[in-house]
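> Pasted the sequence and its predicted model underneath.
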Amino acid sequence: MSLFNSILEKLGIRSADAAKAPDAGQPATASAPAAGIAAVDVVAKLEGLAASHAEKLNWKVSIVDLLKLLGLDSSLTARKELAAELGCPVQAMADSSQMNIWLHKTVLQKLAQNGGNIPPELLN
């Protein structure tokens, strides 16, 4: 199972189009998930997990914290694998900080594309 599919599964989102690239002309929005997919309130799920987590995690800005909150491997190796799976540009892969920023944004966008209800302010 791909790492992104693991994220979808942890959030209760399942889609065959999990790693599908977004349409270049249309940004992902929570109000426009793929047809036939019921929206999942990702923020409510993550806030619920965060409330019961022993460690204070800033999942809204940190890919490491987001992965930790979901109980997934947040190591650099795992993040590089996820970034490669999602098509991270080579220049961003060379700098872990740039890769993390790209990865966090891309994961949230792909969650929205796959039926996750993500507020627009988290997608920008």
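That came in fine, so what should we check first? Here the structure is a predicted model, which is why all the values come from computation and not from measurement. Numbers count the residues shown, from 1 in each chain.
> only C-alpha atoms for contact and neighbour calcs from this point on.
Noted.
> Could you work out the end-to-end span of stretch 67-79 for me?
Counting by CA to CA, to the nearest Å, you get 9 Å between the two ends of stretch 67-79.
> Quick check: buried residues in it?
67-70, 72, 74, 79 (16 or more other CA atoms under 10 Å).
> Just the ones in helices from those residues, please.
67-69, 79 (DSSP state H).
> Nearest residue to Leu76 in space, ignoring adjacent ones along the chain?
Ser96 (8.0 Å; CA to CA, 6 or more residues apart in numbering).
> Angles on the backbone of the one you found, please.
Torsion angles at Ser96 (phi, psi; degrees, to the nearest 10) stand at phi -60, psi -30.
> before we move on, what about Ser2?
Torsion angles, degrees, to the nearest 10, at Ser2: phi -70, psi 160.
> Over to Cys88?
Residue torsions, per degrees, to the nearest 10, at Cys88 are phi -60, psi 140.
> Quick check: it vs Leu46, distance?
24 Å.
> ok, these two, which is more surrounded?
Using other CA atoms under 10 Å, the more surrounded residue of Cys88 and Leu46 is Cys88, with 19 against 16.
> lowest average confidence, helix or strand, in the protein?
The helix or strand of the chain with the poorest confidence is helix 120-123; it has a mean of 89 (mean pLDDT, DSSP states H and E).
> Quick one: distance of that one to the chain centre.
12 Å (CA atoms, centre = their mean, to the nearest Å).
> looking at this structure, which residue ends up farthest from its center?
Distance to the chain centre peaks in the chain at Ala54, reaching 21.6 Å (criterion: CA atoms, centre = their mean).
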